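# Could you look at this predicted model? Sequence included:
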Amino acid sequence: MTRLNVLALSGSLRRGSLNTALLREAERLGPHHRFDHYDGLGRLPHFNEDQEHPAPSAVTELRHRVQDADAVLIASPEYNASIPGALKNALDWLSRPAGDDGPALALKPVAVIGASPGPFGTVRAQLTLRQVLHKMNARVVQQPEFLLFQAHQQFSGDGRLPDGSPAQQLLCAVLDALGQLATTEQYQDRTRA
Ligand code: FNR
């Protein structure tokens, strides 16, 4: 099985975040991959075209971590039927070229997942996120979709999804799909170019 460097990006800044817990669960389910958990969303300055050159150090660090990853796994909350502003801010920074490098997420394999205590499991946020990633020319896993509704009831006390639960199986399937996307010839060709 191919070992991937996966950048795990939570759209939540909250310590007890369900979405961050989802990423930790993904890491446990994919122990052959190397997960890099990015927690710097709250340290990124608001995107400002006047401050792009030179880029703020926090932005450069994020860009490098995306560039170093074979794939990106984004777990985002839904805020007011959309994605959190902090996540959109990071995506706006990542949509911009830096020096000779193109936008860091362009052609990058990305999977989108989300958890909400509500009944819709972040479906509206995920639609928005997919639209933004499409504009950024990222290569996004289309199937399966992972939406965890009433998520606060689905995690056990230790912050894990129950072994063998449908949610856990679906998360494994998302990781498999992300792995397949990251190892297709098209992507390999790009990384060799
Ligand atoms: C929410 N929440 C929410 N949930 C949802 O399913 N649809 C929504 O539109 C919203 N809107 C919303 C706006 C704001 C400003 C907040 C703070 C919250 C609830 C949200 O899903 C819940 O707080 C999650 O637990 C947030 O994700 P994390 O932080 O647990 O990962």
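Good, I have the coordinates.
# Thought residue 10 was touching residue 86, still the case?
No. Between residue 86 and residue 10 there is no contact under CB atoms under 8 Å: 9.9 Å. Heads up, the C-betas are built off the backbone N, CA and C, glycines and all.
# more neighbours, the two?
Each of residue 86 and residue 10 has its neighbours counted (other CB atoms under 10 Å); residue 10 has more, 26 against 19.
# Tell me how far the more buried one lies from the ligand.
7 Å (CB to the nearest ligand atom, to the nearest Å).
# Chain neighbours aside, what residue packs nearest to that residue?
Counting by CB to CB, 6 or more residues apart in numbering, residue 10 lies nearest to residue 20, which is 4.2 Å off, once chain neighbours are set aside.
# Could you do residue 108 as well?
Using CB to CB, 6+ apart, the nearest residue to residue 108 is residue 138, at 5.3 Å.
# tally of neighbours for the one you found?
Count around residue 138 with other CB under 10 Å applied: 23.
# If we look just around the ligand, which residues of this structure are in range?
Contact residues, the chain versus the ligand (CB under 6 Å from any ligand atom): 12, 14, 17-19, 77-81, 116-118, 120.
# So which residue is dead centre in this structure?
The chain has residue 74 as the residue nearest its centroid, 1.5 Å off, counting by CA atoms, centre = their mean.
# Quickly find the element holding it.
Using DSSP states H and E, residue 74 maps to strand 71-75.
# if you skip the residues just before and after it, what's nearest to residue 28?
Nearest to residue 28 is residue 160, by CB to CB, 6+ apart, at 7.3 Å.
# Assign that neighbour to helix, strand or coil.
Three-state assignment for residue 160 (DSSP: H, G, I helix; E, B strand; the rest coil): coil.
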